[in-house]
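Trainee: Provided below for reference: sequence and predicted model.
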Amino acid sequence: MASKWVKPNGLTIITTDKILNFLEKTPIEKIWGIGPKTAEFLQRRNIKTALNFVDKDLAWVRFNLSKPYEVIWQELQGVMIMKIDPEIKTVYSSVQKTRTFYPPTNDKVFLLSQLSKNIEEACHKARYYKLVPKKISFFLKTQNFKYLTYLITLSIPTNAPEVLISIVNLKFRQIYNTGILYRTTGVILQELVSVSIVQGDLFGNSNQSHKFEVIHQQIDLLEGKFGKKVVYLGSTHQALKQKGSKNEVKGISGEKKHLFI
């Protein structure tokens, strides 16, 4: 919450005398971990800010909400429950990216676009740490909180999103049902290994993946210079439209723009 309070530096120092003012100015829906449904539930009970929430006693929180929200309530009270690890993480066995949206939908194009965005973001992180996955799993979570998951073993490890998106598109029907509404998409890059130990196959089938990887390395350099999220795959377009202007970034000239490839 504090990192988003002052942009673009992402650094906010909240001293003791400013805590109440900070909580009072923070809408309940902006609290990390409180989604649209829970925010609506709290707003109906006249809890519209973080301060309104912390003013409730623990008995009320336990009676009306589940355990994760008690943790959020305690954190907002200044009680550290989720401990901070100050060390920079350099080793990953997996990378997961999820996205929850509201209202739930069964729009296939929209869901695939959300998965495309999940894959792009996961691959970006894998490239940053010079890792490639041997497996990828993707999932849909229904409006009734049921998870539907599919695991794919890759013939050639790659962190090129185009390759992984095409594979997920082929397997999407294995878990998708037109009669069900979904609220969350997600992907997990699994069994990550260093790019340095991945060998091309004898028949050169990894050439296409390698070409995409080289392209994305250049895109990563571009985003490092001009800011994140300046380039997206066309398959992610619907996911960006759902976010609207909140998901736009400023281009080189200062105007908001996206570049699709």
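Mentor: Great, that's in hand.
Trainee: so who does residue 131 touch?
Mentor: Residue 131 makes contacts with 92, 95, 159, 189, 192, 193, 194, 195, as judged by CB atoms under 8 Å, 6 or more residues apart in numbering. C-beta here means a position set from N, CA and C on the backbone, and glycine is covered the same way.
Trainee: low-confidence ranges in the chain?
Mentor: Low-confidence segments of the chain (pLDDT under 70): 2-10, 88-91, 198-261.
Trainee: distance check, residue 93 against residue 57.
Mentor: Residue 93 sits 41 Å away from residue 57, going by CB to CB, to the nearest Å.
Trainee: how is this structure partitioned into domains?
Mentor: The record's domain parsing of the chain by automatic domain parsing lists 2-76, 94-196+205-260.
Trainee: make CSV from the ones you listed and add distance to residue 83 to it.
Mentor: Output for those, formatted as CSV (distance: least, CB to CB, whole Å):
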stretch, distance to residue 83
domain 2-76, 11
domain 94-196+205-260, 20
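Trainee: most packed of the ones you listed?
Mentor: Among those, ranked by average contacts under mean count of other CB atoms under 10 Å, first place goes to domain 94-196+205-260 (a mean of 17).
Trainee: need the contact partners of the helix or strand hosting residue 38.
Mentor: In the assignment (DSSP states H and E), residue 38 maps to helix 36-43. For helix 36-43, the external contacting residues (CB under 8 Å, 6+ apart) are 28, 29, 34, 48, 52, 53, 65, 69, 102.
Trainee: now the element after it, going C-ward?
Mentor: helix 50-54.
Trainee: tell me the helix or strand right after that following helix.
Mentor: Counting by DSSP H and E, what follows helix 50-54 is helix 58-64.
Trainee: run through who's touching that next one.
Mentor: So helix 58-64 is contacted by 45, 69, 70, 73 (CB under 8 Å, 6+ apart).
Trainee: find the nearest non-adjacent residue to the second one, please.
Mentor: Nearest-residue entry for residue 69: residue 61, 6.4 Å, with adjacent residues in sequence omitted and distances by CB to CB, 6 or more residues apart in numbering.
Trainee: so how far is residue 173 from the one you found?
Mentor: With CB to CB as the criterion, residue 61 and residue 173 are 42 Å apart.
Trainee: pretty sure residue 95 sits in a helix.
Mentor: No: counting by DSSP: H, G, I helix; E, B strand; the rest coil, residue 95 is not part of a helix but strand.
Trainee: tell me the contacts of it?
Mentor: Counted by CB under 8 Å, 6+ apart, residue 95 has contacts 122, 125, 126, 131, 133, 188, 189, 192.
Trainee: what do you get if the cut-off is 7 Å, keeping everything else the same?
Mentor: 122, 125, 126, 189, 192 (CB atoms under 7 Å, 6 or more residues apart in numbering).
Trainee: now do the strands in the protein.
Mentor: 94-105, 131-142, 147-153, 182-194, 231-232, 249-250, 256-257, 259-260 (DSSP state E).
Trainee: any chance of these in a markdown table, with distance to residue 84 too?
Mentor: Below are the strands of the chain laid out as a markdown table (distance: least, CB to CB, whole Å):
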| stretch | distance to residue 84 |
| --- | --- |
| strand 94-105 | 20 |
| strand 131-142 | 24 |
| strand 147-153 | 29 |
| strand 182-194 | 24 |
| strand 231-232 | 31 |
| strand 249-250 | 28 |
| strand 256-257 | 33 |
| strand 259-260 | 35 |
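Trainee: quick one: closest of the ones you listed to residue 22.
Mentor: Set against residue 22 and scored by CB to CB, those come closest in strand 94-105, at 25.2 Å.
Trainee: I'd guessed residue 172 sits against residue 112; true?
Mentor: Yes: using CB atoms under 7 Å, residue 172 is in contact with residue 112, at 6.3 Å.
Trainee: one step back: could you dump the contacts of residue 95 into JSON lines with distance to residue 147 added?
Mentor: Listed next are those as JSON lines, based on distance: CB to CB, whole Å:
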{"residue": "122", "distance to residue 147": "17"}
{"residue": "125", "distance to residue 147": "22"}
{"residue": "126", "distance to residue 147": "23"}
{"residue": "189", "distance to residue 147": "17"}
{"residue": "192", "distance to residue 147": "22"}
